[in-house]
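J.: everything below, folded, please.
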Amino acid sequence: MFQGMHYIYEVYKEMSFSKAAKNLYISQPSLSAAVKKVEQRIGFPIFDRSSTPIRLTDLGKEYIRSIEIILDVENGFQNYVQDMQNMQSGSIAIGGTNLFASYVLPPLLSRFSEQYPHIHVDLIEANTTELTEKLFSGALDLLIDNQTMDSSVYGKRFFCEEHLLLTVPAHFSSNETIKNYALTASDIRKSRHLNSRIPPIPLDFFQNDPFLLLKSGNDTRTRADKICRNALFTPKIKLEPEQQITAYNLSRYGMGISFCGDTLICHVPEDQNLIYYKLDNRDAVRDVNFYYKRNRYLTNITHEFLNLI
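T.: Coordinates of the predicted model:
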């Protein structure tokens, strides 16, 4: 019943027979015939082809869930075999959002590859929701993120503590009256924002300025909303970008005020067009962790990477 499941799973990932066929290096008619054969064997369609793009039927959704369980078992056994080869071959798939994939992971992956040149490293960049799905399905070994994940499903290895800061375009007139609170990128790199003698900024100073808050569902947005709510402050939202790095770059060009973590600020080039302010709220502090799926075989490769960080 699950013969040809790799074909079906590729169509599911792409939601396109043509794209899946290209990825699998077979013709589209051959792929369509292989999927149709499985559907005939089951007695029900897996894909609803009447919509554009195609989508899963109710049975198709259950079929995909079953495939992911099988693939997880296959990957676990394959990882066990790789471990028997004593780190001379194998692979590791690590995921992160644009921020982590662009600035945090590269030096770590470089060090790991130098130490284990025969290990193939696959870096997956996507949003947190997509990456969490990949981690759950077994497509990822590790996910680095600053969002709290279900501890009953995912284990974690602490990487660093992150502090959110208010990131304000330097030309905003509101900066003129609060120079005692202002911090530069150099100050952040020197961890001056962690000094208890540095005062936090009252948000009321920015009541007339535009804000750039991330889309709802993002952990940074959730925390920004809580910080504003606790301060009895209602920000004037101008834009709602998808990712933190986008909000940061918009602030660089004077579009508005954003909430950015010191992880990002310490990794990007210093910019004189921005001023930073410390926030006095427990929601401004969070952990960055590497997450892995519990009850899944952790390879020696994964253990070695976690030990390296």
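J.: kindly report the domain assignment for the chain.
T.: 1-84, 163-284 (automatic domain parsing).
J.: from those, which stretch is densest packed?
T.: Counting by mean count of other Cβ atoms under 10 Å, domain 163-284 has the highest mean neighbour count of those, with a mean of 17. Bear in mind the C-beta positions are built from the backbone N, C-alpha and C, glycine included.
J.: I'd like the average pLDDT over stretch 300-309.
T.: The average of the pLDDT scores along stretch 300-309 is 90.
J.: what ranges does this protein have for its helices?
T.: Taking DSSP state H as the test, the helices found in the chain are 5-14, 17-24, 28-42, 58-84, 98-99, 105-115, 128-137, 185-189, 219-230, 244-252, 262-267, 300-308.
J.: export those to TSV and tack on distance to F159?
T.: Listed next are these as TSV, based on distance: least, Cβ to Cβ, whole Å:
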stretch	distance to F159
helix 5-14	28
helix 17-24	32
helix 28-42	41
helix 58-84	22
helix 98-99	13
helix 105-115	9
helix 128-137	15
helix 185-189	18
helix 219-230	15
helix 244-252	16
helix 262-267	9
helix 300-308	10
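J.: worst average pLDDT in those?
T.: helix 58-84 has the lowest average pLDDT among the helices of the chain, namely a mean of 78.
J.: how distant is that one from the center of its chain?
T.: Its chain's C-alpha centre and that of helix 58-84 lie 22 Å apart, by Cα atoms, centre = their mean, to the nearest Å.
J.: OK, contacts around E240?
T.: L212, L213, L214, K215, S216, R221 (Cβ atoms under 8 Å, 6 or more residues apart in numbering).
J.: doesn't F211 make contact with the last one?
T.: No - with contacts defined as Cβ atoms under 8 Å, R221 does not count as touching F211, sitting 11.0 Å away.
J.: what residues are up against the residue nearest to N281 when sequence neighbours are not counted?
T.: Excluding its sequence neighbours, the residue lying closest to N281 (Cβ to Cβ, 6 or more residues apart in numbering) is I227, at 4.7 Å. Shown in contact with I227 (Cβ under 8 Å, 6+ apart): L164, L203, F259, L279, N281, D283, A284.
J.: equivalent analysis for Q28, please.
T.: By Cβ under 8 Å, 6+ apart, the neighbours of Q28 are F17, S18, A21.
J.: likewise for L166?
T.: So L166 contacts I201, L203, F206, I257, S258, F259, Y276, Y277, K278, L279 (Cβ under 8 Å, 6+ apart).
J.: quick one: strands adjacent to the longest strand along the chain?
T.: Ranked by residue count under DSSP state E, the longest strand found in the chain is strand 154-169. If you go by DSSP bridges, strand 154-169 pairs up with strand 257-261 (antiparallel), strand 274-278 (antiparallel), strand 285-293 (antiparallel).
J.: hang on, the earlier thing: C160: which of the helices of the chain is closest?
T.: helix 262-267 (6.8 Å; Cβ to Cβ).
J.: farthest pair in the contacts of E240?
T.: L212 and S216 (13.9 Å).
J.: nearest to N75 among the contacts of Q28?
T.: Distances from N75 to the contacts of Q28, taken by Cβ to Cβ, are shortest for A21, at 23.6 Å.
J.: residue contacts, the closest one?
T.: S27, Q28, S30, L31.
J.: I'd guessed the last one sits against V11; true?
T.: Yes - taking contact to mean Cβ under 8 Å, the distance of 7.2 Å between L31 and V11 places them in contact.
J.: intersection of neighbour lists for the two?
T.: What both L31 and V11 touch, as defined by Cβ under 8 Å, 6+ apart, is the set F17, A20.
J.: from the contacts of L166, which two are the most distant?
T.: Using Cβ to Cβ, the two most remote members of these are S258 and K278, lying 15.0 Å apart.
J.: could you measure from the nearest residue to D262 once chain neighbours are set aside over to L183?
T.: Excluding its sequence neighbours, the residue lying closest to D262 (Cβ to Cβ, 6+ apart) is H163, at 4.9 Å. Going from H163 to L183 by Cβ to Cβ, to the nearest Å gives 11 Å.
J.: and L140, by the same measure?
T.: From L140 over to L183 (counting by Cβ to Cβ), the distance is 35 Å.
J.: now swap in V11 and tell me
T.: For V11, the distance to L183 - Cβ to Cβ - is 51 Å.
J.: what do you get for S113?
T.: Distance from S113 to L183, by Cβ to Cβ: 35 Å.
J.: what do you get for K215?
T.: Applying Cβ to Cβ to K215 and L183 gives a distance of 27 Å.
J.: ok, P210 next?
T.: From P210 over to L183 (counting by Cβ to Cβ), the distance is 21 Å.
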